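Enquirer: everything below, folded, please.
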Amino acid sequence: MNIQEDIRKQIVQELKINQASQCSNVVVCYHSFYHNGAISLVLEYMDRGSLADVIRQVKTVLEPYLAVVCKQVLLGLVYLHHERHVIHRDIKPSNLLVNHKGEVKITDFGVSAVLASSMGQRDTFVGTYNYMSPERISGSTYDYSSDIWSLGMVVLECAIGRFPYMQSEDQQSWPSFYELLEAIVESPPPSAPSDQFSPEFCSFVSACIQKNPQDRSSSLDLLSHPFIKKFEDKDIDFGILVGSLEPPVNFPR
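Expert: Reported below is the predicted structural model:
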(Lines give C-alpha, C1' and ligand atoms only; values in the text may rest on other atoms or scores of the structure.)
Protein backbone atom coordinates (compact mmCIF):
# COMPACT_ATOMS: atom_id res chain seq x y z
CA MET A 1 0.00 0.00 0.00
CA ASN A 2 1.54 3.32 -0.99
CA ILE A 3 1.30 6.48 1.10
CA GLN A 4 -1.27 8.14 -1.16
CA GLU A 5 -3.54 5.13 -0.90
CA ASP A 6 -3.13 5.14 2.88
CA ILE A 7 -4.06 8.84 3.06
CA ARG A 8 -7.05 8.29 0.80
CA LYS A 9 -8.37 5.53 3.04
CA GLN A 10 -7.84 7.71 6.10
CA ILE A 11 -9.92 10.49 4.53
CA VAL A 12 -12.66 8.06 3.54
CA GLN A 13 -12.65 6.78 7.13
CA GLU A 14 -13.13 10.31 8.46
CA LEU A 15 -15.95 10.97 6.01
CA LYS A 16 -17.80 7.82 6.98
CA ILE A 17 -17.64 8.57 10.71
CA ASN A 18 -18.35 12.32 10.45
CA GLN A 19 -21.32 11.97 8.14
CA ALA A 20 -22.83 9.14 10.17
CA SER A 21 -22.41 10.88 13.53
CA GLN A 22 -25.39 12.62 15.09
CA CYS A 23 -24.19 14.01 18.38
CA SER A 24 -24.02 17.60 19.60
CA ASN A 25 -20.52 16.97 20.97
CA VAL A 26 -19.07 15.71 17.70
CA VAL A 27 -18.19 18.20 14.94
CA VAL A 28 -20.68 17.93 12.06
CA CYS A 29 -19.51 17.19 8.52
CA TYR A 30 -22.01 18.90 6.22
CA HIS A 31 -20.53 18.05 2.86
CA SER A 32 -17.44 16.80 1.05
CA PHE A 33 -16.20 17.26 -2.48
CA TYR A 34 -13.30 16.33 -4.73
CA HIS A 35 -11.66 18.97 -6.94
CA ASN A 36 -8.31 19.15 -8.72
CA GLY A 37 -6.96 16.13 -6.89
CA ALA A 38 -7.98 17.36 -3.44
CA ILE A 39 -10.74 16.19 -1.12
CA SER A 40 -12.34 19.01 0.87
CA LEU A 41 -14.58 18.69 3.91
CA VAL A 42 -17.22 21.22 4.89
CA LEU A 43 -17.24 21.01 8.67
CA GLU A 44 -19.18 22.78 11.37
CA TYR A 45 -17.53 26.12 12.10
CA MET A 46 -16.01 26.30 15.57
CA ASP A 47 -15.00 29.94 15.87
CA ARG A 48 -12.65 29.71 18.85
CA GLY A 49 -10.28 27.10 17.54
CA SER A 50 -9.37 24.25 19.83
CA LEU A 51 -8.72 23.54 23.48
CA ALA A 52 -5.03 23.84 22.59
CA ASP A 53 -5.64 27.48 21.62
CA VAL A 54 -7.41 28.07 24.93
CA ILE A 55 -4.67 26.65 27.15
CA ARG A 56 -2.01 28.42 25.10
CA GLN A 57 -3.49 31.70 26.35
CA VAL A 58 -4.75 30.91 29.85
CA LYS A 59 -1.96 28.41 30.72
CA THR A 60 -4.17 26.62 33.25
CA VAL A 61 -7.91 25.98 33.38
CA LEU A 62 -9.80 26.07 36.68
CA GLU A 63 -11.69 23.03 37.92
CA PRO A 64 -15.23 24.35 37.30
CA TYR A 65 -14.43 24.99 33.65
CA LEU A 66 -12.64 21.66 33.37
CA ALA A 67 -15.72 19.86 34.65
CA VAL A 68 -17.80 21.52 31.93
CA VAL A 69 -15.24 20.60 29.27
CA CYS A 70 -14.96 17.02 30.53
CA LYS A 71 -18.69 16.48 30.53
CA GLN A 72 -19.00 17.58 26.92
CA VAL A 73 -16.09 15.44 25.76
CA LEU A 74 -17.46 12.47 27.71
CA LEU A 75 -20.86 12.87 26.06
CA GLY A 76 -19.09 12.73 22.72
CA LEU A 77 -17.10 9.66 23.76
CA VAL A 78 -20.19 7.88 25.08
CA TYR A 79 -21.77 8.40 21.67
CA LEU A 80 -18.68 7.22 19.79
CA HIS A 81 -17.98 4.24 22.06
CA HIS A 82 -21.47 2.96 22.79
CA GLU A 83 -23.47 3.95 19.72
CA ARG A 84 -20.97 4.17 16.88
CA HIS A 85 -18.51 1.59 18.28
CA VAL A 86 -15.61 3.89 17.44
CA ILE A 87 -12.24 4.30 19.14
CA HIS A 88 -11.12 7.83 18.35
CA ARG A 89 -7.41 7.07 18.98
CA ASP A 90 -6.26 10.69 18.84
CA ILE A 91 -7.93 12.58 21.69
CA LYS A 92 -5.74 15.63 22.34
CA PRO A 93 -6.28 19.37 22.93
CA SER A 94 -6.08 20.29 19.24
CA ASN A 95 -8.81 17.76 18.37
CA LEU A 96 -11.28 19.23 20.87
CA LEU A 97 -12.78 22.26 19.14
CA VAL A 98 -14.56 25.11 20.93
CA ASN A 99 -16.86 27.96 19.97
CA HIS A 100 -17.92 31.26 21.50
CA LYS A 101 -20.89 29.58 23.19
CA GLY A 102 -18.53 27.40 25.21
CA GLU A 103 -19.40 24.24 23.33
CA VAL A 104 -16.67 21.61 23.07
CA LYS A 105 -16.77 19.07 20.24
CA ILE A 106 -14.60 16.17 19.14
CA THR A 107 -13.12 16.29 15.65
CA ASP A 108 -10.54 14.60 13.40
CA PHE A 109 -11.59 11.03 12.78
CA GLY A 110 -8.85 10.33 10.26
CA VAL A 111 -7.28 7.80 12.62
CA SER A 112 -10.48 6.52 14.22
CA ALA A 113 -11.32 2.83 14.12
CA VAL A 114 -14.81 1.44 13.76
CA LEU A 115 -15.30 -1.78 15.71
CA ALA A 116 -17.64 -4.58 14.85
CA SER A 117 -19.00 -4.48 18.38
CA SER A 118 -18.50 -2.58 21.60
CA MET A 119 -16.25 -5.39 22.85
CA GLY A 120 -13.82 -5.26 19.93
CA GLN A 121 -10.11 -4.54 20.27
CA ARG A 122 -7.44 -3.09 17.98
CA ASP A 123 -3.70 -3.58 17.71
CA THR A 124 -2.61 -0.89 15.24
CA PHE A 125 -0.30 2.02 16.07
CA VAL A 126 -1.77 5.38 15.04
CA GLY A 127 -2.43 8.70 16.75
CA THR A 128 -0.36 11.30 18.61
CA TYR A 129 2.16 9.47 20.80
CA ASN A 130 2.18 12.07 23.63
CA TYR A 131 -1.37 11.17 24.58
CA MET A 132 -1.21 7.47 23.70
CA SER A 133 -2.00 4.90 26.35
CA PRO A 134 0.78 2.54 27.52
CA GLU A 135 -0.83 -0.50 25.92
CA ARG A 136 -0.91 1.18 22.52
CA ILE A 137 2.72 2.28 22.71
CA SER A 138 3.81 -1.21 23.75
CA GLY A 139 1.93 -2.74 20.81
CA SER A 140 -0.70 -4.55 22.86
CA THR A 141 -4.34 -4.79 21.92
CA TYR A 142 -6.46 -1.86 23.04
CA ASP A 143 -10.07 -0.79 23.22
CA TYR A 144 -12.19 2.23 24.15
CA SER A 145 -10.28 2.68 27.39
CA SER A 146 -7.32 4.01 25.41
CA ASP A 147 -9.41 7.14 24.69
CA ILE A 148 -10.04 7.49 28.43
CA TRP A 149 -6.29 7.54 29.14
CA SER A 150 -5.91 10.27 26.50
CA LEU A 151 -8.74 12.30 28.01
CA GLY A 152 -7.12 12.06 31.44
CA MET A 153 -3.84 13.31 30.02
CA VAL A 154 -5.59 16.25 28.35
CA VAL A 155 -7.48 17.21 31.50
CA LEU A 156 -4.39 17.01 33.69
CA GLU A 157 -2.41 19.09 31.20
CA CYS A 158 -5.12 21.76 31.27
CA ALA A 159 -5.01 21.80 35.07
CA ILE A 160 -1.26 21.93 35.70
CA GLY A 161 -0.26 23.94 32.63
CA ARG A 162 2.17 21.46 31.11
CA PHE A 163 2.25 18.04 29.52
CA PRO A 164 1.92 15.63 32.48
CA TYR A 165 5.16 13.76 31.79
CA MET A 166 7.18 16.97 31.88
CA GLN A 167 8.82 17.31 35.28
CA SER A 168 8.62 21.12 35.41
CA GLU A 169 7.35 24.13 33.51
CA ASP A 170 10.93 24.82 32.40
CA GLN A 171 11.18 21.49 30.61
CA GLN A 172 10.13 22.07 27.00
CA SER A 173 10.59 18.59 25.57
CA TRP A 174 12.02 15.14 26.21
CA PRO A 175 15.63 14.48 25.19
CA SER A 176 14.32 11.87 22.76
CA PHE A 177 11.11 10.44 21.41
CA TYR A 178 12.04 7.01 22.75
CA GLU A 179 12.64 8.26 26.29
CA LEU A 180 9.15 9.71 26.37
CA LEU A 181 7.62 6.46 25.12
CA GLU A 182 9.61 4.51 27.72
CA ALA A 183 8.40 6.84 30.46
CA ILE A 184 4.76 6.38 29.46
CA VAL A 185 5.09 2.59 29.39
CA GLU A 186 7.42 2.01 32.35
CA SER A 187 7.01 4.92 34.79
CA PRO A 188 4.17 5.31 37.29
CA PRO A 189 1.28 7.25 35.74
CA PRO A 190 1.11 10.99 36.42
CA SER A 191 -1.41 12.26 38.93
CA ALA A 192 -2.96 15.52 40.04
CA PRO A 193 -1.16 17.05 43.06
CA SER A 194 -3.49 16.55 46.02
CA ASP A 195 -2.32 19.77 47.66
CA GLN A 196 -3.37 21.83 44.63
CA PHE A 197 -6.62 20.22 43.51
CA SER A 198 -9.84 18.93 45.02
CA PRO A 199 -10.20 15.26 45.98
CA GLU A 200 -12.89 14.93 43.31
CA PHE A 201 -10.59 16.17 40.57
CA CYS A 202 -7.70 13.99 41.71
CA SER A 203 -10.02 11.00 41.75
CA PHE A 204 -11.29 11.78 38.24
CA VAL A 205 -7.77 11.98 36.82
CA SER A 206 -6.85 8.75 38.59
CA ALA A 207 -9.92 7.02 37.14
CA CYS A 208 -8.65 7.90 33.66
CA ILE A 209 -4.88 7.52 33.93
CA GLN A 210 -4.43 3.91 35.02
CA LYS A 211 -1.68 1.76 33.52
CA ASN A 212 -3.99 -1.26 33.40
CA PRO A 213 -6.79 -0.52 30.89
CA GLN A 214 -9.22 -2.62 32.90
CA ASP A 215 -8.75 -0.30 35.88
CA ARG A 216 -9.92 2.77 33.94
CA SER A 217 -13.50 3.96 34.20
CA SER A 218 -15.64 3.97 31.07
CA SER A 219 -16.90 7.15 29.45
CA LEU A 220 -20.39 6.32 30.69
CA ASP A 221 -19.24 5.79 34.28
CA LEU A 222 -17.20 9.00 34.27
CA LEU A 223 -20.30 11.03 33.43
CA SER A 224 -21.57 10.25 36.92
CA HIS A 225 -18.21 10.82 38.64
CA PRO A 226 -18.34 13.18 41.67
CA PHE A 227 -16.08 15.68 39.88
CA ILE A 228 -18.61 16.06 37.06
CA LYS A 229 -21.60 16.07 39.41
CA LYS A 230 -19.98 18.65 41.69
CA PHE A 231 -20.43 21.44 39.14
CA GLU A 232 -23.49 20.27 37.19
CA ASP A 233 -25.90 22.60 38.97
CA LYS A 234 -23.52 25.55 39.24
CA ASP A 235 -24.40 27.13 35.86
CA ILE A 236 -20.74 27.33 34.81
CA ASP A 237 -20.42 29.09 31.44
CA PHE A 238 -17.25 28.02 29.62
CA GLY A 239 -18.20 30.55 26.93
CA ILE A 240 -17.28 33.39 29.31
CA LEU A 241 -13.70 32.15 29.51
CA VAL A 242 -13.47 31.41 25.78
CA GLY A 243 -15.02 34.76 24.87
CA SER A 244 -12.44 36.64 26.91
CA LEU A 245 -9.57 35.27 24.82
CA GLU A 246 -8.09 36.42 21.54
CA PRO A 247 -9.38 34.42 18.56
CA PRO A 248 -6.82 31.99 17.14
CA VAL A 249 -4.53 33.31 14.43
CA ASN A 250 -6.08 33.13 10.94
CA PHE A 251 -9.60 32.92 12.36
CA PRO A 252 -12.07 35.60 11.20
CA ARG A 253 -12.81 38.14 13.90
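
Enquirer: can I assume residue 191 sits in a strand?
Expert: No: the assignment for residue 191, made by DSSP: H, G, I helix; E, B strand; the rest coil, is coil rather than a strand.

Enquirer: my read: it touches residue 206, true?
Expert: Yes: the pair residue 191 and residue 206 passes the contact test of C-beta atoms under 8 Å, sitting 6.2 Å apart. Every residue, glycine included, has its C-beta placed from N, CA and C.

Enquirer: neighbour count for these two, which is higher?
Expert: Higher neighbour count among residue 191 and residue 206: residue 206, with 17 against 14, using other C-beta atoms under 10 Å.

Enquirer: buried residues in the helix or strand the more buried one falls within?
Expert: Using DSSP states H and E, residue 206 sits within helix 199-208. In terms of neighbour count (16 or more other C-beta atoms under 10 Å), helix 199-208 has its buried residues at 200, 201, 202, 203, 204, 205, 206, 207, 208.

Enquirer: and that helix, what other elements does it pack with?
Expert: Applying 3 or more C-beta pairs under 8 Å, 6 or more residues apart in numbering; DSSP states H and E, one finds that helix 199-208 contacts helix 63-78, helix 145-160, helix 219-222, helix 226-230.

Enquirer: centre of the chain to the third one, how far?
Expert: Yep, that's helix 219-222 we're talking about. 15 Å (C-alpha atoms, centre = their mean, to the nearest Å).

Enquirer: over to stretch 224-242?
Expert: With C-alpha atoms, centre = their mean as the basis, stretch 224-242 stands 18 Å off its chain's centre.

Enquirer: now what about that stretch, what contacts it?
Expert: With contacts defined as C-beta atoms under 8 Å, 6 or more residues apart in numbering, stretch 224-242 is touched by 48, 54, 58, 61, 63-65, 67-71, 74, 98-104, 198, 200-201, 203-204, 207, 217, 222.

Enquirer: now list the buried members of those residues.
Expert: Using 16+ other C-beta under 10 Å, the buried members of those are 48, 54, 58, 61, 63, 65, 67-71, 74, 98-99, 102-104, 200-201, 203-204, 207, 217, 222.

Enquirer: once you drop chain neighbours, what's closest to residue 214?
Expert: Once flanking residues are discounted, residue 214 sits nearest to residue 145: 7.5 Å by C-beta to C-beta, 6 or more residues apart in numbering.

Enquirer: so what's that neighbour up against?
Expert: With contact taken as C-beta under 8 Å, 6+ apart, residue 145 is in contact with 133, 213, 214, 216, 218.

Enquirer: once you drop chain neighbours, what's closest to the first one?
Expert: Taking C-beta to C-beta, 6+ apart, and ignoring the residues beside it in sequence, residue 133 has residue 149 as its nearest neighbour in space, at 3.8 Å.

Enquirer: would you mind confirming that the one you found is in contact with residue 207?
Expert: No: at 10.6 Å, residue 149 does not count as touching residue 207 under the criterion of C-beta under 8 Å.

Enquirer: common neighbours of the two, please.
Expert: Common neighbours of residue 149 and residue 207 (C-beta under 8 Å, 6+ apart) are residue 216.

Enquirer: strands of the protein, start to end?
Expert: Here the chain has its strands, by DSSP state E, at 29-35, 38-43, 86-87, 96-98, 104-106, 113-114.

Enquirer: how about those strands, which one is nearest residue 166?
Expert: Minimum separation from residue 166 across the strands of the chain (C-beta to C-beta) falls at strand 96-98, 20.0 Å.

Enquirer: any idea of the pLDDT on residue 206?
Expert: According to the prediction, residue 206 has pLDDT 98.

Enquirer: got a list of what it touches?
Expert: Taking C-beta under 8 Å, 6+ apart, one finds 191, 192 in contact with residue 206.

Enquirer: hang on, the earlier thing: highest average neighbour count across the helices and strands packed on helix 199-208?
Expert: helix 145-160 (a mean of 25; mean count of other C-beta atoms under 10 Å).

Enquirer: quick one: that one to chain centroid distance?
Expert: Going by C-alpha atoms, centre = their mean, where helix 145-160 is centred and where its chain is centred differ by 7 Å.
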